[in-house]
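Q: coords below, sequence missing:
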C-alpha cells in the first residue's frame, strides 16, 4: 500500500508539471499580463519594462516557470495585480468553494444514489422511465440555464431562497447554488447507479443469494448494493474535482466569492498570478482526489490489488 | 463534462475489474438466443441499423437534428427578419403579432435571433466532434497499435489534459483570443476533447489487435498499415462513434457556457450562449428573452444526447 | 413410475416469454427423487434440464420465465402453492443448489467465511462469531486445507476446485434434504472434476440426502447416479436405472448420446455425432420433437407426440423405473 502510494505520487509529478506548465504558458506567453495591468490605458514603456523585470517576465518562459514553482513551494503564490497577496485571496475563497462542493456532493450522493437504486431495481416500471427521462433532461440543460431559471423561480418569483449569496456564504445561502452545481452530476450519478444495479441484479451471485434463501432485503443491501455502488463511489470521488471547475458558472450566477469567482475575475482582467495560483491548487486537488479514489477502490473491491 | 459511462480513469483498474457480462439467462435461454440470432446473419452495423430504425428515441432525435441542420444552413427559410435588425424602442417587449417570442433588451426580435443562433451551435458541435474524433482516433490508434514509448507518452499527455477542468481551460485559453468566431472555440474543444477519444481508440485498438484473426493476418505477413486499416480500425470504430455522438451534445453545451462566460463566441456572431448571458441581466423583468434561447439550446443538447444514447444502445453488443 | 417421497415433479411446464415469441422450455416434465438417491438429469444445452431445476428451487428469472403448469411436491407439499416467505425458508435450509461456475456464483466482494456463515445467521439466527466458526467447520468438511486461515479470503483467491468446494459447503451448510447440482464440475479441470464428484458422492452417502445431478456429461453420471432421466426439447425422453441405460438404451436419442462418447477401443474410427441441432424452442416441430434428427423416424413420428411408454423386457414383463418416449422403443431396445 505504502509503496503504491509513493509510486502514484511519483507518477503524478510529470502530470502536475505538464498541467501547470500548460496553464502557465497560456497565461504568460499567449496573453500579455503587463498590458492587462494597465487596463485600457496605454502602458508607459519604462514602467512596463520595470514591471517585467520585477516579475521575471523578461526571462525565458521555462525560467519564469521554474522561478514561479520554486516560490510556490515556499508558500509564496505572488501578489495579485491589485496588490493583495494571492495566498490571502485563496484563504478567503477556498473554504467557501469547498463548502459549496461538499454540499453538492452530499446532494449527489443522497438523491442520485437513492434514485438510481430505485430505478435500477424497478427496471422498466414507471418510476424508472421517469428517472431516465428526468435525468436526460437535466443533463441536456446547461448549468448556467438551470442556475438562472432556479434563481429566478426560487429567489425572485417565489422568494423562498436568497437569490445571491453574501460574503459570509452561510450554509442556508449555499443550498440553492449547491443544488444547481450538483444537478448535472446528480443525473449522471443516478444513471450510473441505475446501470450498475441493473447489471449486478442479473449476476450469478445474486441468483446464488436467492437460492440460499436469504430475505429480499438482505440480498438487496448486503449483496446487490455492496457491489453496485463501487463504480458510483469512484465516480463521486473524481467528480469532486469536476465540481470545483463547475463552480465557475455557479459562483458567477449567485455572486459567491469563491474560487470560481476569483478565477473568472482573474481571467477577465488577465490577473496572471491569481489565475496560475488558483489553477495550480485545483490541479493538486484533482490529482489527490484521483489517488484517493484509487485507494478507495482497492478497499471496496478485494479483487483489486495495488501494485 | 463528465460522462460516467465512458469514464475510464485508469485502464489497469478497469481491465482488472471488468467482469465478463453476466447474465442470469441460463444455458437454455442462451440456446434460445442462438436460434434467434441464427436467422439471417447480420453484421454489427446491420443489427445496429435494424435496432435504430425501430427506436422512437432515435427517430425523434434524428428528426430534430435534421431540422436543426436545415435551419443552421438556411435560417431565412423560417424567418424573414435579420438578427441584427434591432430597434431599441421595442426593448424587452413581450410577444406580439409577427414577433412571437417578443424582443430582447436591445430590441432585437428574439425569434429571429433564436433561429439564427442554431448555426453557431451546430457548427461548433459537428466540427469540434469531427476534429476531436479524427485527432483522437489517429493518436490513440497509433499508441494502441505500436504500444511502447508511443503509448507511454500518450498516456501521460492525456493525463495532463484530463487534469485540467475543461471549463477552466476554456476560460484561460480563449480569454487571450480576440476573435469571436466559431473557429477558436472549435479549435479549443478539439484540443481538450481529443484525449477522451484517444483513450477509447487506444483501448479498442489494443483489444482488436489481440483478436485471433488479426494475429493470423499478422503471421501471414500483412503489413502494419494494411492491418491497421483492414482489420483493426473497423473494430475500433463502433466505440469511437458512441463516445463522439454523446460528446457532441456536451460540446454544444460547453460552447454555450463559454460564450455565456464571455470568452467563447462574441458579437456579432449570433449565439444562444451570448443571448442568454445578455438576457440574464434582466431576467427579473423579461424572462422570455432568456427562456427562448435557453429552451432552444437545451433542446438541441437533448437531441444530440438522445441520439448518442440510442447509438450506444444499438452499437454496444454487451447491452443486447 | 413409482412416486418418490422426497421430491416429485409432475407434468411441469415452463415457458419464457421473449420479444421473439414464447419459448416452451419445459413441456410436462415428471421425475422424482428419494432420500439417499441420486438422479442424474442428462441433456444438451436447451433441453430444459437447468430450467426445471430453477423452477424447483424457485429461482426462475421471472419475467421472462413462468411456470405455467404442473406441481412440485417436496415432502408432500406443493412448492408452487407456497407463499413467497414460506418458500424462501425452504430454500437453503431443506433444498440447496450448487451452481456451475463458482467464480461468478460467489459474491466477489464478500469473504467466503461471510458467505458461508450467512446461512446460519439468516436461517438459524446465529451470532456472526458462531457463524464464522461454523464456516470453518464446513470448509474442513469439504477438505479445504488451512480452513481457519482462509476463512477470511475472497473467492478470487481460491483455485477453481477449491471454489467449487466452497459452493458445495454452502449447499451443505444446513444439512438440506435435497441438493440440486447444476453441472457442478463442468468448469473444472478433468483431474479436479473427479475429486469434486467423489467428494459430493461421499457427502451424500454420509448425510443421506437426495441429489439431483444435472449434466451433459455421460461419463460423470455412470459412477455416482442411481437413475437417469434424459431430456430433450423440454421433455423427458427416457428414464432408466443407470446400468440398464448404458447397457440397452430404449430411445434413439440416448443411443446417439452413448455412441458419441469417444472410446479407446474404437481408435481410428470416425466419432459418431447426432446430426442436426436441437429444435428452436419457440417453434418445436409437431410430432416427436426429435424426429428431424432421428435415424428411426417414420411418418407417425411427424404427427404423433409419443408419451413416455412403460418399457418391458422381451417377454413383456415390466422393467421397473424404465420409460421411453419413442414410438419404436421396442425396436430400439430389442432390435
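A: Great, that's in hand. In this text the structure is predicted, and so the values were computed from the model without any measurement.

Q: Residue A:149 against residue B:295, yeah?
A: No. Residue A:149 lies out of contact with residue B:295 (CB atoms under 8 Å); the separation is 10.1 Å. The way it works is simple: take the backbone N, C-alpha and C, and place the C-beta from them, glycine included.

Q: Near chain B, which residues of the stretch 201-335 of chain C? Just list them.
A: With the criterion set to CB under 8 Å from any CB of the partner chain, the stretch 201-335 of chain C comes near chain B through C:278, C:280-282.

Q: Show me what counts as buried in the helix or strand of chain C with the lowest mean pLDDT.
A: When each helix and strand of chain C is scored by mean pLDDT, DSSP states H and E, helix C:218-224 comes last, with a mean of 79. For helix C:218-224, the neighbour count (16 or more other CB atoms under 10 Å in any protein chain shown) marks C:218, C:220-221, C:224 as buried.

Q: quick one: low-confidence parts of chain C?
A: Within chain C, the ranges that satisfy pLDDT under 70 run C:1-4, C:266-268.

Q: related to what we said a few turns ago, out of the residues of the stretch 201-335 of chain C next to chain B, who's nearest chain A?
A: The shortest approach to chain A among these belongs to residue C:281, at 20.5 Å (CB to the nearest CB).

Q: and that closest one, which of the three is it?
A: What DSSP: H, G, I helix; E, B strand; the rest coil gives for residue C:281 is coil.

Q: That one contacts residue C:232, doesn't it?
A: No. Using CB under 8 Å, residue C:281 is not in contact with residue C:232, being 11.3 Å away.

Q: So residue A:149 and residue B:295 - more neighbours on which side?
A: Neighbour tally, residue A:149 and residue B:295, criterion other CB atoms under 10 Å in any protein chain shown: the higher count belongs to residue A:149, 18 against 15.

Q: Residue A:55 and chain B, how far apart?
A: From residue A:55 over to chain B the distance is 18 Å, taken as CB to the nearest CB, to the nearest Å.

Q: Just give me the neighbour total for the residue in the stretch 201-335 of chain C that chain B sits nearest to.
A: Residue nearest to chain B within the stretch 201-335 of chain C: residue C:280 (4.1 Å; CB to the nearest CB). Look at residue C:280: counted by other CB under 10 Å, it has 20 neighbours.

Q: Residue A:220 versus that one, what's the distance?
A: Using CB to CB, to the nearest Å, residue C:280 is found at 36 Å from residue A:220.

Q: which residues of chain A score low on pLDDT?
A: Using pLDDT under 70, chain A drops low at A:31, A:33, A:36-43, A:306-307.

Q: What sits closest to the residue in chain A that chain B sits nearest to if chain neighbours are left out?
A: Closest residue of chain A to chain B, CB to the nearest CB: residue A:245 (2.6 Å). Nearest non-adjacent residue to residue A:245, counting by CB to CB, 6 or more residues apart in numbering or on different chains: residue B:165, 2.6 Å away.

Q: Would you mind giving me the confidence score for the closest residue to residue B:189 other than its chain neighbours?
A: Among residues not flanking residue B:189 along the chain, residue B:128 sits closest, at 3.8 Å (CB to CB, 6+ apart). For residue B:128, the model assigns a pLDDT of 93.

Q: got it, and residue B:166?
A: What the model reports for residue B:166 is a pLDDT of 79.

Q: all strands of the stretch 201-335 of chain C, in order?
A: In the stretch 201-335 of chain C, the strands defined using DSSP state E, counting those that start in this stretch lie at C:210-215, C:227-232, C:235-241, C:309-312, C:318-324.

Q: The stretch 101-250 of chain A now?
A: Using DSSP E, counting those that start in this stretch, strands in the stretch 101-250 of chain A do not occur.

Q: For it, what lies in contact range of chain B?
A: Applying CB under 8 Å from any CB, one finds that the stretch 101-250 of chain A approaches chain B through A:136-137, A:139-145, A:148-149, A:151-152, A:156, A:184-185, A:188-189, A:191-192, A:195, A:199, A:202-204, A:206-207, A:231, A:234-235, A:238-239, A:241-242, A:244-246, A:248-249.

Q: Buried among these? Make that a ChimeraX selection.
A: The ChimeraX selection below is limited to those of those classed as buried (16+ other CB under 10 Å):
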select /A:136,139,140,141,142,143,144,145,148,149,151,152,184,185,188,189,191,192,195,199,203,204,206,207,231,234,235,238,239,241,242,244,245,246,248,249
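
Q: For the residue of chain A found nearest chain C, list the residues it contacts.
A: Closest approach between chain A and chain C, counting by CB to the nearest CB: residue A:213, at 3.1 Å. Going by CB atoms under 8 Å, 6 or more residues apart in numbering or on different chains, residue A:213 touches C:88-93, C:122-123.

Q: quick revisit: widest-spaced pair of the residues of the stretch 201-335 of chain C next to chain B?
A: Largest separation among those by CB to CB: C:278 and C:282, giving 12.5 Å.

Q: Settle it for me: which of these two has more neighbours?
A: Ranked by neighbour count (other CB under 10 Å), residue C:278 and residue C:282 place residue C:278 first, with 22 against 16.

Q: Quick check, that one in contact with residue C:232.
A: Yes. Using CB under 8 Å, residue C:278 is in contact with residue C:232, at 7.3 Å.

Q: Common neighbours of the two, please.
A: C:44, C:47.

Q: Contact residues of the stretch 51-200 of chain C facing chain B?
A: Proximity of the stretch 51-200 of chain C to chain B, by CB under 8 Å from any CB, involves residues C:51, C:54, C:61, C:64, C:104, C:108.

Q: Among those residues, name the ones in helices.
A: If you go by DSSP state H, those have C:51, C:54, C:104 in helices.

Q: Not including adjacent chain positions, what is the nearest residue to the second one?
A: I take that to be residue C:54. Nearest to residue C:54 is residue C:60, by CB to CB, 6+ apart, at 4.7 Å.

Q: What is the burial count for that neighbour?
A: Residues within reach of residue C:60, counting by other CB under 10 Å, total 22.

Q: which residue does the stretch 101-250 of chain C bring closest to chain B?
A: Proximity of the stretch 101-250 of chain C to chain B (CB to the nearest CB) peaks at residue C:104, 5.7 Å away.
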